[in-house]
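Student: All I have is the shape, not the residue letters:
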């Protein structure tokens, strides 16, 4: 499932509640994007030569470790 934010029309701006929802979605997405950026910088994903099912089980703990490293 993909959660997308609200878009303003040309003639109407967003309400404050919709702007807040967009900020929440962006903050959650930023964490994930930063984690994948770290994995790309470490070049872990380029060395990965396995099926996607096993890659997912490997990437989950790596993302957790990345999140704890960034939180320091």
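Tutor: Arrived safely. Small disclaimer: the values here were computed from a predicted structure and weren't measured.
Student: Distance check, residue 65 against residue 42.
Tutor: 11 Å (CB to CB, to the nearest Å). The way it works is simple: take the backbone N, C-alpha and C, and place the C-beta from them, glycine included.
Student: Residue 59 too?
Tutor: When residue 59 is compared with residue 42 (using CB to CB), they lie 12 Å apart.
Student: Settle it for me: which of these two has more neighbours?
Tutor: Set residue 59 next to residue 42 and count neighbours by other CB atoms under 10 Å: residue 59 wins out with 18 against 12.
Student: how about the nearest residue to that one, chain neighbours excluded?
Tutor: Leaving aside its sequence neighbours, residue 59 sits nearest to residue 39 (CB to CB, 6 or more residues apart in numbering; 7.4 Å).
Student: quick one: what helix or strand has that neighbour in it?
Tutor: Here residue 39, judged by DSSP states H and E, is contained in helix 16-41.
Student: I'd like to know which elements that helix is packed against.
Tutor: Helices and strands touching helix 16-41, as assessed by 3 or more CB pairs under 8 Å, 6 or more residues apart in numbering; DSSP states H and E, comprise helix 52-71.
Student: by contact count, what packs against the helix it packs on?
Tutor: By 3+ CB pairs under 8 Å, 6+ apart, helix 52-71 packs against helix 16-41.
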